[in-house]
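> one predicted model, sequence on top.
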Amino acid sequence: PESNRLPCALSSQPADTMLACASIAALGFAGAMRTAPAPSPRAVVRMDALDSLPGASIEMPLADGKPWDPLGFSKLNALPTQDSRPSANPSLKWLRESELKHGRIAMLAFAGVAATELLGLRVSSAEAFSDSNWFTAWQTFSIKNPGGAAQILLGCALVEGATFPEAFWDDAGDRAPGDLGFDPLGLSKGKSAADKATLELKELKNGRAAMIAIMALSSSKLVPGSVPLLP
């Protein structure tokens, strides 16, 4: 019956069909890689207390000498649980990994918006890249070049699956949050511990600013006039 067919077979539009199949495949790739065991028996790297993390020191003077955490997210992992896992809520290590990942994505997104909106740059002169509105550009690209969109989705799934820190949920794992070993420009090579800490703080602060900025830009597109100084 029709109700038992795969979702990617339900659409009559080739572009929608390809993107639906790519999305399903992407989830499958990410899930399969997520459950794979760690390849190396390196020592577990545990998360420090909140007040010793990069970025906490600049918040303390504003919060009576304590890290700024008004909603108490850092205490979620300590809540009682009836689950078989140590906690049903994410650890501080998981939350910091999430913050760094979202900050990095937001910085890339903001740079992309600035390049297209302010500088008018385009990846290519092809019709798929013709949309000058960054907010609708992905939709236009997906419609005009569904194969390219599918490749991007699959690429994201492979990266996410390969770096997914499942052990971080319970404050385990063999690396520090955000440390993927990816430094093609060698920015951290030869740096002292103090210099590395400075770079980590700069990344964190710029990531936080970028997350706020990209949300403001998105809000201005969804609700015109909702953000001061933005059209």
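Perfect, I can see it now.

> which residues does A128 contact?
Residues in contact with A128 (CB atoms under 8 Å, 6 or more residues apart in numbering) are 140-141, 144-145, 148. Placement of C-beta: from N, CA and C, glycine included.

> give me that answer again for 7 Å
141, 144-145, 148 (CB atoms under 7 Å, 6 or more residues apart in numbering).

> what about stretch 80-96, average pLDDT?
Averaging pLDDT along stretch 80-96 yields 76.

> first-to-last residue distance for that stretch?
One end of stretch 80-96 sits 21 Å from the other (CA to CA, to the nearest Å).

> quick revisit: ranking the contacts of A128 by neighbours, who comes first?
Counting neighbours by other CB atoms under 10 Å, the top entry in those is F141, with 20 neighbours.

> can you tell me how far it sits from L153?
12 Å (CB to CB, to the nearest Å).

> quick one, helices of the protein?
Residue ranges of the helices in the chain, as given by DSSP state H, are 14-34, 92-113, 134-144, 146-163, 193-222.

> could I get those as a markdown table with distance to D69?
Below are those laid out as a markdown table (distance: least, CB to CB, whole Å):
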| stretch | distance to D69 |
| --- | --- |
| helix 14-34 | 28 |
| helix 92-113 | 10 |
| helix 134-144 | 32 |
| helix 146-163 | 26 |
| helix 193-222 | 14 |
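
> before we move on, the earlier item: out of the contacts of A128, which two sit at the greatest distance?
K144 and G148 (8.8 Å; CB to CB).

> got any ranges where the chain has weak pLDDT?
Regions of the chain meeting the criterion pLDDT under 70 cover residues 1-48, 59-63, 81-87.

> quick check: M211 touching A106?
Yes: here M211 reaches A106: they are 4.3 Å apart, a contact under CB atoms under 7 Å.

> what touches both of these two?
Common neighbours of M211 and A106 (CB under 7 Å, 6+ apart) do not exist.

> which residue, other than its chain neighbours, is closest to L76?
Distance criterion CB to CB, 6 or more residues apart in numbering; nearest residue to L76, sequence neighbours excluded, is N89 at 3.8 Å.

> give me the number of residues near E127?
11.

> quick one, what contacts it?
Contacts of E127 by CB under 7 Å, 6+ apart are K144.

> swap in 10 Å and give it another go.
By CB atoms under 10 Å, 6 or more residues apart in numbering, E127 lies in contact with 140-141, 144-145.

> and A172, how close does it get to S91?
Taking CB to CB, one finds A172 at 8 Å from S91.

> wait, I58 touches L204, no?
Yes: counting by CB atoms under 10 Å, I58 touches L204, with 9.4 Å between them.

> neighbour count: these two, which is higher?
The neighbour comparison of I58 against L204 (other CB under 10 Å) goes to L204, with 20 against 13.

> if we ignore the residues flanking it in sequence, what's nearest the more buried one?
G55 (4.6 Å).

> tell me, how many residues neighbour the one you found?
18.

> OK, contacts around it?
67-68, 96, 99, 200-201, 203-205, 207-208 are the contacts of G55 under CB under 10 Å, 6+ apart.

> export these to a markdown table and append columns for distance to E166.
A markdown table is the format used below for these (distance: CB to CB, whole Å):
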| residue | distance to E166 |
| --- | --- |
| P67 | 26 |
| W68 | 28 |
| R96 | 15 |
| E99 | 17 |
| E200 | 23 |
| L201 | 27 |
| E203 | 23 |
| L204 | 23 |
| K205 | 28 |
| G207 | 22 |
| R208 | 25 |
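
> separate out the buried members of those.
67, 96, 99, 200, 203-204, 207-208 (16 or more other CB atoms under 10 Å).
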